[in-house]
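[1] sharing a sequence plus its predicted fold:
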Amino acid sequence: HVQLVESGGGSVQAGGSLRLSCVVSGYTDSTYRMGWFRQGPGRVREGVAAIRSDGTSSYADFVKGRFTISKDNAKNTLDLQMSSLKPGDTAMYYCAADGRWRNPLLRNDYDYWGQGTQVTVS
């Protein structure tokens, strides 16, 4: 049984920073390729950033230069450092695991999902 648990969401003013974390338990091979997605009110779930165990990463254009994804292979954790936050970044943020790295910023690339953590930027 794979479980992904996100944390670190909250409310912040525009220009501020937050750090999201995701802990994976269960099938730890699922951590080889992981990603962060978000879903704002009335919007589809969109890819934010993805990373695989060799350190290769991919970012959506709208977060490049502001967000940084990282993972700790030994601890099975995935982080997302978010800076220069904008109101448009307001969304529920989801951690995803067991990606195939065919289209790492598309949701159908992943098999396992967390419940999400809310980020609100005002």
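    The structure has been received and is ready for your questions.

[2] grab the most central residue of this structure for me.
    In the chain, the centroid-proximal residue (C-alpha atoms, centre = their mean) is W36; its distance is 1.9 Å.

[3] ok, now which ones touch that residue?
    Going by C-beta atoms under 8 Å, 6 or more residues apart in numbering, W36 touches 20, 22, 47-50, 69, 78, 80, 93-96. In this view, the C-beta of every residue, glycine as well, is placed from N, C-alpha and C.

[4] host element of it?
    W36 is part of strand 33-39, with elements assigned from DSSP states H and E.

[5] pull out the buried positions in whichever helix or strand comes after that strand.
    Sequence order places strand 46-52 as the next helix or strand after strand 33-39, per DSSP H and E. Applying a neighbour-count criterion of 16 or more other C-beta atoms under 10 Å, one finds 47-52 buried in strand 46-52.

[6] for T28, state which of those residues is nearest.
    Nearest to T28 among the buried residues of strand 46-52 is R52, at 14.2 Å by C-beta to C-beta.

[7] where does this protein dip in pLDDT?
    Applying pLDDT under 70 to the chain flags no residue at all.

[8] one more pass at 90, please.
    1-2, 26-32, 41, 53, 73-76, 98-101 (pLDDT under 90).

[9] how many other residues sit next to M34?
    The tally of other residues near M34 (other C-beta atoms under 10 Å) stands at 27.

[10] and the residue lying closest to T28 once chain neighbours are set aside, what does it touch?
    Nearest non-adjacent residue to T28, counting by C-beta to C-beta, 6 or more residues apart in numbering: N76, 5.2 Å away. With contact taken as C-beta under 8 Å, 6+ apart, N76 is in contact with 23-25, 28, 31.

[11] any idea how far Y32 is from N76?
    10 Å (C-beta to C-beta, to the nearest Å).

[12] helices along this structure, start to end?
    Remark: helices of the chain are absent; assignment by DSSP state H.

[13] and the strands in it?
    All strands of the chain, identified by DSSP state E, fall at 3-7, 10-12, 18-25, 33-39, 46-52, 57-59, 67-72, 77-82, 91-97, 112-113, 117-121.
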